[in-house]
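>>> Sequence first, then the predicted structure:
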Amino acid sequence: MRPRRGLAHTHVGSLHAPDAELALRNARDLYTRRQEGVSIWVVPAASIVASSPDEKDAFFDPAADKVYRHPTFYEVPEGAGHI
């Protein structure tokens, strides 16, 4: 569900339905009761591919050797706002 225009979709829950149209309607009824959503995605569980929590170290390790992705090697100037 996307709560407001311009924001990314977030996972809000799971549900069961016999087809995609009913899944979309059920998701609308279940997750946007207070008119907080403007967009909903429904995806069959069989279509989801996820990494394994047991392999998290090996899977995410390659990102650790790219220090340039994190601004930890220089000082932020005083007065520089939200960088």
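Here it is on my side, so go on.

>>> Where does pLDDT dip in the protein?
1, 3-6, 62-73, 81-83 (pLDDT under 70).

>>> in it, which spans are helices?
Listed in chain order, the helices of the chain (DSSP state H) span 20-31, 56-60.

>>> What lies in contact with the first one?
What it means is helix 20-31. 1, 12-13, 15, 17, 37, 40, 42, 44 (CB atoms under 8 Å, 6 or more residues apart in numbering). (C-beta placed from N, C-alpha, C; glycine too.)

>>> Among these, which ones are in strands?
Assigned to strands by DSSP state E, none of these qualify.

>>> Serialize these to CSV and add fields for neighbour count and distance to Asp57.
Output for the contacts of helix 20-31, formatted as CSV (neighbours: other CB atoms under 10 Å; distance: CB to CB, whole Å):
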residue, neighbour count, distance to Asp57
Met1, 20, 32
Val12, 15, 29
Gly13, 8, 29
Leu15, 12, 33
Ala17, 14, 36
Gly37, 17, 36
Ile40, 17, 34
Val42, 17, 32
Pro44, 9, 30
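
>>> Those: which two are farthest apart?
Distance extremes for those: the farthest pair is Gly37 and Pro44 at 20.1 Å, using CB to CB.

>>> that older thread, in CSV: the contacts of helix 20-31, plus distance to Ala27.
Shown next, in CSV, are the contacts of helix 20-31 (distance: CB to CB, whole Å):
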residue, distance to Ala27
Met1, 7
Val12, 8
Gly13, 8
Leu15, 6
Ala17, 8
Gly37, 9
Ile40, 5
Val42, 5
Pro44, 13
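
>>> Make TSV out of the helices of the chain and add mean neighbour count and distance to Val76.
Compiled in TSV, these are given as follows (neighbours: other CB atoms under 10 Å; distance: least, CB to CB, whole Å):
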stretch	mean neighbour count	distance to Val76
helix 20-31	14	39
helix 56-60	10	26
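
>>> Figure out which of those is closest to Val49.
helix 56-60 (12.7 Å).

>>> Give me the contact list for that closest one.
Counting by CB under 8 Å, 6+ apart, 51-52 sit against helix 56-60.
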